[in-house]
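*Asks:* Here is my input, please return the structure:
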Amino acid sequence: MSVTSLATAEQSGDCPPPRWVLLVYTVPASPTSKRAAVWREVKRLGALYLRDGVCALPDTAAARADLEALAGRVQELGGQSTVVWNADLSPATAEALRGALIRSRQAEYAEVSEAAAELLQHVREEAAHHAFDRSARASIAGDLGRLQRWLEQTVARDYLQVGDPTPVRTLLAACRAELENHAVPLARQGT
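*Replies:* Predicted coordinates:
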């Protein structure tokens, strides 16, 4: 659902305001690597901080599972954690969080799309000059794999489903096709 259609649905009453799942945690100050590990995981999940040690996601089954798992990790690190489901935040706070999540995901979809388009352009430019041998294919396949993982991580963080991964998947498929179309046949590679 696009941002415009989501806002229209909310205004028309078709979509109730989102509820939130919160993770409230503390981690021992020392060693700092424990705090950094939790912070990295919060960022990987796409959660937003309300304040130090309190992060939020829209209350979905996936977000609950993700934050429950992180709560367990916090406890493994010697910290304390509480997960709050179905939190009803003030309208201003909820709207600010929702807007920040939407902007973050849209920016991330744009970044991965731009990277995929650049890779496709690179593959096409290189293919115009020569076929891809095994090492070139392996290098480009590695880049494709990284972009594919990035896209899937973005989709997983898109709890409000404001992005559309289809154009990026199309670019990645075009990269794969170009790579295969311009590969040096195995017999010519001496294998």
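
*Asks:* got any ranges where the chain has weak pLDDT?
*Replies:* 1-17, 184-191 (pLDDT under 70).

*Asks:* redo that, cut-off 90
*Replies:* 1-18, 29-30, 126-137, 178-191 (pLDDT under 90).

*Asks:* what sits against the residue nearest the centre of the chain?
*Replies:* Nearest to the mean C-alpha position of the chain, by CA atoms, centre = their mean, lies residue 154 at 2.0 Å. Residues in contact with residue 154 (CB atoms under 8 Å, 6 or more residues apart in numbering) are 105, 108-109, 112, 163, 165. Bear in mind the C-beta positions are built from the backbone N, C-alpha and C, glycine included.

*Asks:* repeat for residue 81
*Replies:* Contacts of residue 81 (CB under 8 Å, 6+ apart): 23-26, 70-72, 74-75.

*Asks:* redo that, cut-off 6 Å
*Replies:* By CB atoms under 6 Å, 6 or more residues apart in numbering, residue 81 lies in contact with 25, 71, 74-75.

*Asks:* Tell me the secondary structure at it.
*Replies:* Here residue 81 is recorded as strand under DSSP: H, G, I helix; E, B strand; the rest coil.

*Asks:* got the contacts of residue 81 as a markdown table, with neighbour count, distance to residue 120 and secondary structure columns?
*Replies:* Converted to a markdown table, those look like this (neighbours: other CB atoms under 10 Å; distance: CB to CB, whole Å; DSSP: H, G, I helix; E, B strand; the rest coil):
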| residue | neighbour count | distance to residue 120 | secondary structure |
| --- | --- | --- | --- |
| 25 | 23 | 41 | strand |
| 71 | 18 | 41 | helix |
| 74 | 23 | 41 | helix |
| 75 | 13 | 44 | helix |
